[in-house]
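Engineer: Build me a structure from this.
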Amino acid sequence: MGDPACWLDQLCPECSAMLEPPAEGATTVQCWRCKATVRFGDEGPEVLPDS
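Structural biologist: Sure thing, here's the model as predicted:
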């Protein structure tokens with residue numbers, strides 16, 4: 001049957017778009033769809049509040 005949704009931790013928490021992996025040395029990415037700033041933590045991706 002395959003792996004059970006092993007890509008779920010790669011989705012934007014705001015809009016569910018597939019995120020690009022962070023560049024080497026980067027800790028965040030910007031979602032291409034909703035422009036949210038997303039950090040990949042131990043519990044998966046999380047949206048950082050606007051500053």
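
Engineer: Could you pull up the contacting residues of Glu14?
Structural biologist: Cys31, Cys34, Ala36, Val47 (C-beta atoms under 8 Å, 6 or more residues apart in numbering). Quick note: C-beta positions are derived from backbone N, CA and C, even for glycine.

Engineer: what's the pLDDT at it?
Structural biologist: At Glu14, the model reports a pLDDT of 95.

Engineer: Any regions of the protein where pLDDT drops low?
Structural biologist: 1-5, 51 (pLDDT under 70).

Engineer: on that earlier part again, mind putting the contacts of Glu14 in a markdown table, neighbour count and distance to Glu14 included?
Structural biologist: Converted to a markdown table, those look like this (neighbours: other C-beta atoms under 10 Å; distance: C-beta to C-beta, whole Å):
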| residue | neighbour count | distance to Glu14 |
| --- | --- | --- |
| Cys31 | 21 | 7 |
| Cys34 | 14 | 5 |
| Ala36 | 21 | 5 |
| Val47 | 16 | 6 |
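
Engineer: nearest residue to Leu48 other than its sequence neighbours?
Structural biologist: Thr37 (4.6 Å; C-beta to C-beta, 6 or more residues apart in numbering).

Engineer: Roughly how far does that neighbour sit from Pro13?
Structural biologist: Separation of Thr37 from Pro13 (C-beta to C-beta, to the nearest Å): 11 Å.

Engineer: again, but for Pro49
Structural biologist: Taken as C-beta to C-beta, the span from Pro49 to Pro13 is 12 Å.

Engineer: Compare the two and say which is more crowded by neighbours.
Structural biologist: Neighbours per residue, other C-beta atoms under 10 Å: of Pro49 and Pro13, the larger number sits with Pro13, 14 against 6.

Engineer: want to throw the contacts of Glu14 into CSV with secondary structure and distance to Leu8?
Structural biologist: Below are the contacts of Glu14 laid out as CSV (DSSP: H, G, I helix; E, B strand; the rest coil; distance: C-beta to C-beta, whole Å):
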residue, secondary structure, distance to Leu8
Cys31, coil, 15
Cys34, coil, 17
Ala36, coil, 17
Val47, strand, 16
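
Engineer: one step back: overlap of the contact sets of Thr37 and Pro13?
Structural biologist: Common contact partners of Thr37 and Pro13 (C-beta under 8 Å, 6+ apart): Val47.
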